[in-house]
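1. what follows is a predicted structure for the sequence shown.
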Amino acid sequence: MRLPVHITPLSWRGISRHYFAFDTPGGPSSTAWPATNRAIYLPFDLEENAIVGRFYFVNGSATGNIDLGIFEAAGGTKLVSTGSTAKTPATSCQYIGVTDYLLHAGSYYYGAVVDGTTTVHAVNFATAVAGGQRVLGMLAENLGSGTLPSVMAGSTHSDNYIPLVGFTQSDSM
(Lines give C-alpha, C1' and ligand atoms only; values in the text may rest on other atoms or scores of the structure.)
Protein backbone atom coordinates (compact mmCIF):
# COMPACT_ATOMS: atom_id res chain seq x y z
CA MET A 1 0.00 0.00 0.00
CA ARG A 2 1.41 3.41 -0.95
CA LEU A 3 1.29 6.00 1.84
CA PRO A 4 -0.40 9.34 1.11
CA VAL A 5 1.62 12.53 0.80
CA HIS A 6 0.06 14.01 3.98
CA ILE A 7 0.09 11.94 7.16
CA THR A 8 -1.75 13.05 10.28
CA PRO A 9 -2.45 11.36 13.60
CA LEU A 10 -6.13 12.07 12.86
CA SER A 11 -5.98 9.71 9.87
CA TRP A 12 -6.64 5.99 9.89
CA ARG A 13 -2.94 5.47 10.82
CA GLY A 14 -3.53 7.35 14.07
CA ILE A 15 -6.30 7.79 16.56
CA SER A 16 -9.17 7.91 14.04
CA ARG A 17 -9.33 4.13 13.77
CA HIS A 18 -10.52 4.08 17.40
CA TYR A 19 -11.95 7.58 17.84
CA PHE A 20 -15.12 7.13 15.79
CA ALA A 21 -15.99 3.93 17.64
CA PHE A 22 -17.00 5.81 20.78
CA ASP A 23 -17.38 9.50 19.94
CA THR A 24 -18.98 11.82 17.46
CA PRO A 25 -16.28 14.35 16.64
CA GLY A 26 -16.89 18.04 16.84
CA GLY A 27 -15.95 19.92 13.71
CA PRO A 28 -12.60 21.68 13.48
CA SER A 29 -12.62 24.99 15.28
CA SER A 30 -10.19 27.64 16.41
CA THR A 31 -9.62 26.75 20.05
CA ALA A 32 -7.21 28.01 22.71
CA TRP A 33 -4.25 25.69 23.40
CA PRO A 34 -5.04 23.93 26.72
CA ALA A 35 -2.13 25.43 28.72
CA THR A 36 1.06 27.39 28.16
CA ASN A 37 3.98 25.06 27.30
CA ARG A 38 1.82 21.91 27.42
CA ALA A 39 3.01 19.29 24.96
CA ILE A 40 0.38 17.02 23.41
CA TYR A 41 1.45 13.65 21.99
CA LEU A 42 -0.72 11.77 19.46
CA PRO A 43 0.08 8.16 18.48
CA PHE A 44 0.28 6.93 14.89
CA ASP A 45 1.59 3.89 13.01
CA LEU A 46 3.29 3.50 9.65
CA GLU A 47 2.92 0.29 7.64
CA GLU A 48 5.88 1.27 5.49
CA ASN A 49 8.73 3.79 5.49
CA ALA A 50 7.90 7.48 5.08
CA ILE A 51 9.92 10.66 4.61
CA VAL A 52 9.19 13.67 6.82
CA GLY A 53 9.67 16.67 4.52
CA ARG A 54 7.53 19.28 6.28
CA PHE A 55 5.32 19.51 9.34
CA TYR A 56 2.00 21.33 9.25
CA PHE A 57 -0.73 22.56 11.56
CA VAL A 58 -3.89 24.58 11.14
CA ASN A 59 -3.28 27.94 12.77
CA GLY A 60 -5.96 29.86 14.64
CA SER A 61 -3.96 33.01 15.40
CA ALA A 62 -0.63 34.50 14.40
CA THR A 63 0.71 35.01 17.92
CA GLY A 64 3.15 32.81 19.79
CA ASN A 65 5.39 29.94 18.74
CA ILE A 66 4.86 26.24 18.10
CA ASP A 67 7.25 23.27 18.04
CA LEU A 68 6.22 20.11 16.18
CA GLY A 69 8.06 16.80 16.21
CA ILE A 70 8.01 13.02 16.03
CA PHE A 71 9.02 10.67 18.85
CA GLU A 72 9.66 6.93 19.02
CA ALA A 73 6.73 5.17 20.70
CA ALA A 74 9.14 2.83 22.49
CA GLY A 75 11.42 4.95 24.68
CA GLY A 76 10.04 8.36 23.66
CA THR A 77 13.19 9.67 21.96
CA LYS A 78 12.63 12.72 19.73
CA LEU A 79 13.62 11.92 16.15
CA VAL A 80 12.92 15.16 14.30
CA SER A 81 11.31 18.51 15.10
CA THR A 82 10.82 22.02 13.78
CA GLY A 83 12.17 23.84 16.82
CA SER A 84 10.20 26.76 18.19
CA THR A 85 8.67 28.54 15.17
CA ALA A 86 6.49 31.65 14.92
CA LYS A 87 2.82 30.91 14.17
CA THR A 88 1.91 32.89 11.07
CA PRO A 89 -0.34 33.65 9.18
CA ALA A 90 -3.59 33.46 11.10
CA THR A 91 -6.44 31.10 10.20
CA SER A 92 -4.55 29.03 7.64
CA CYS A 93 -2.53 25.85 7.28
CA GLN A 94 1.12 26.57 8.10
CA TYR A 95 3.92 24.36 6.77
CA ILE A 96 7.35 24.22 8.43
CA GLY A 97 10.17 22.59 6.48
CA VAL A 98 12.78 20.29 8.03
CA THR A 99 15.70 18.35 6.57
CA ASP A 100 14.15 15.18 5.11
CA TYR A 101 13.98 12.48 7.77
CA LEU A 102 13.29 8.80 7.09
CA LEU A 103 10.79 7.11 9.42
CA HIS A 104 10.77 3.32 9.22
CA ALA A 105 7.58 1.29 9.48
CA GLY A 106 6.56 1.29 13.14
CA SER A 107 4.83 3.16 15.94
CA TYR A 108 5.42 6.82 16.77
CA TYR A 109 4.06 9.83 18.61
CA TYR A 110 3.47 13.19 16.95
CA GLY A 111 4.30 15.96 19.44
CA ALA A 112 3.18 19.58 19.53
CA VAL A 113 3.74 22.36 22.07
CA VAL A 114 2.69 26.03 22.02
CA ASP A 115 4.39 28.67 24.20
CA GLY A 116 1.09 30.26 25.19
CA THR A 117 -2.62 29.65 24.98
CA THR A 118 -3.13 31.23 21.56
CA THR A 119 -5.42 29.40 19.19
CA VAL A 120 -4.70 26.41 17.01
CA HIS A 121 -7.47 24.65 15.09
CA ALA A 122 -8.55 21.45 16.77
CA VAL A 123 -11.20 18.79 16.87
CA ASN A 124 -12.94 18.61 20.23
CA PHE A 125 -14.21 15.50 21.96
CA ALA A 126 -17.89 15.40 22.82
CA THR A 127 -18.18 16.33 26.48
CA ALA A 128 -19.87 13.01 27.26
CA VAL A 129 -16.66 11.06 26.53
CA ALA A 130 -14.71 10.73 29.77
CA GLY A 131 -11.26 9.23 29.43
CA GLY A 132 -11.41 9.08 25.66
CA GLN A 133 -7.91 10.50 25.38
CA ARG A 134 -6.54 7.60 27.46
CA VAL A 135 -8.29 5.03 25.25
CA LEU A 136 -6.78 6.68 22.17
CA GLY A 137 -3.27 6.61 23.64
CA MET A 138 -2.91 10.39 23.74
CA LEU A 139 -0.40 11.84 26.19
CA ALA A 140 0.41 15.31 27.56
CA GLU A 141 3.36 16.86 29.36
CA ASN A 142 3.80 20.25 31.03
CA LEU A 143 7.13 21.69 29.92
CA GLY A 144 9.17 24.63 31.18
CA SER A 145 9.35 26.15 27.69
CA GLY A 146 7.71 26.07 24.27
CA THR A 147 10.27 23.57 22.92
CA LEU A 148 9.72 19.82 22.74
CA PRO A 149 12.01 17.74 25.00
CA SER A 150 14.64 15.30 23.67
CA VAL A 151 12.74 12.47 25.40
CA MET A 152 8.99 12.72 26.02
CA ALA A 153 7.66 11.84 29.47
CA GLY A 154 3.97 12.20 28.81
CA SER A 155 1.14 11.19 31.07
CA THR A 156 -2.55 10.76 30.30
CA HIS A 157 -3.92 13.62 28.20
CA SER A 158 -7.09 14.89 29.86
CA ASP A 159 -7.91 17.99 27.79
CA ASN A 160 -10.90 17.92 25.45
CA TYR A 161 -8.59 18.79 22.54
CA ILE A 162 -6.97 17.17 19.47
CA PRO A 163 -4.78 19.60 17.47
CA LEU A 164 -4.99 19.48 13.67
CA VAL A 165 -1.37 18.61 12.91
CA GLY A 166 0.59 16.31 10.60
CA PHE A 167 3.54 15.97 8.27
CA THR A 168 3.97 15.73 4.55
CA GLN A 169 6.42 13.59 2.58
CA SER A 170 6.86 16.41 0.07
CA ASP A 171 8.74 19.70 0.33
CA SER A 172 6.19 21.39 -1.91
CA MET A 173 2.76 19.74 -1.53
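-> Now that the structure is in, tell me what you want to look at. Nothing here was measured: the structure is a model prediction, and the numbers come from that model. Numbering: from 1, shown residues only.
2. following the lowest-mean-pLDDT helix or strand in the chain in sequence, what is the next regular element?
-> Lowest by mean pLDDT, DSSP states H and E among the helices and strands of the chain is helix 16-22, with a mean of 53. Using DSSP states H and E, the helix or strand that directly follows helix 16-22 along the chain is strand 29-32.
3. low pLDDT regions in the chain?
-> For the chain, the stretches flagged by pLDDT under 70 are 1-5, 9-29, 121-135, 172-173.
4. which stretches in the protein count as strands?
-> 6-7, 29-32, 38-46, 50-58, 65-72, 78-81, 85-86, 93-103, 106-114, 119-123, 139-142, 155-156, 162-163, 165-168 (DSSP state E).
5. need those strands in TSV with mean neighbour count and distance to Pro149, can you?
-> To be clear about C-beta, it is placed using only N, CA and C from the backbone, and glycine gets the same treatment. Converted to TSV, these look like this (neighbours: other C-beta atoms under 10 Å; distance: least, C-beta to C-beta, whole Å):
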stretch	mean neighbour count	distance to Pro149
strand 6-7	18	22
strand 29-32	16	23
strand 38-46	22	7
strand 50-58	20	17
strand 65-72	23	9
strand 78-81	18	7
strand 85-86	14	17
strand 93-103	15	17
strand 106-114	22	9
strand 119-123	22	19
strand 139-142	18	7
strand 155-156	11	13
strand 162-163	26	17
strand 165-168	24	17
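6. can you convert the ones you listed into a markdown table and add a column each for distance to Leu148?
-> Output for these, formatted as a markdown table (distance: least, C-beta to C-beta, whole Å):
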| stretch | distance to Leu148 |
| --- | --- |
| strand 6-7 | 18 |
| strand 29-32 | 20 |
| strand 38-46 | 6 |
| strand 50-58 | 11 |
| strand 65-72 | 5 |
| strand 78-81 | 5 |
| strand 85-86 | 11 |
| strand 93-103 | 13 |
| strand 106-114 | 5 |
| strand 119-123 | 15 |
| strand 139-142 | 9 |
| strand 155-156 | 16 |
| strand 162-163 | 13 |
| strand 165-168 | 12 |
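7. contacting residues for Thr118?
-> 32-33, 60-61, 63-64, 87 (C-beta atoms under 8 Å, 6 or more residues apart in numbering).
8. ok, of these, which come out buried?
-> For those, a burial check counting by 16 or more other C-beta atoms under 10 Å picks out 33, 60-61, 64, 87.
9. Gly146: which of those residues is nearest?
-> Nearest to Gly146 out of these is Gly64 (C-beta to C-beta; 7.6 Å).
10. roughly how far does that closest one sit from Ser150?
-> 22 Å (C-beta to C-beta, to the nearest Å).
11. what of Thr117?
-> From Thr117 over to Ser150 the distance is 25 Å, taken as C-beta to C-beta.
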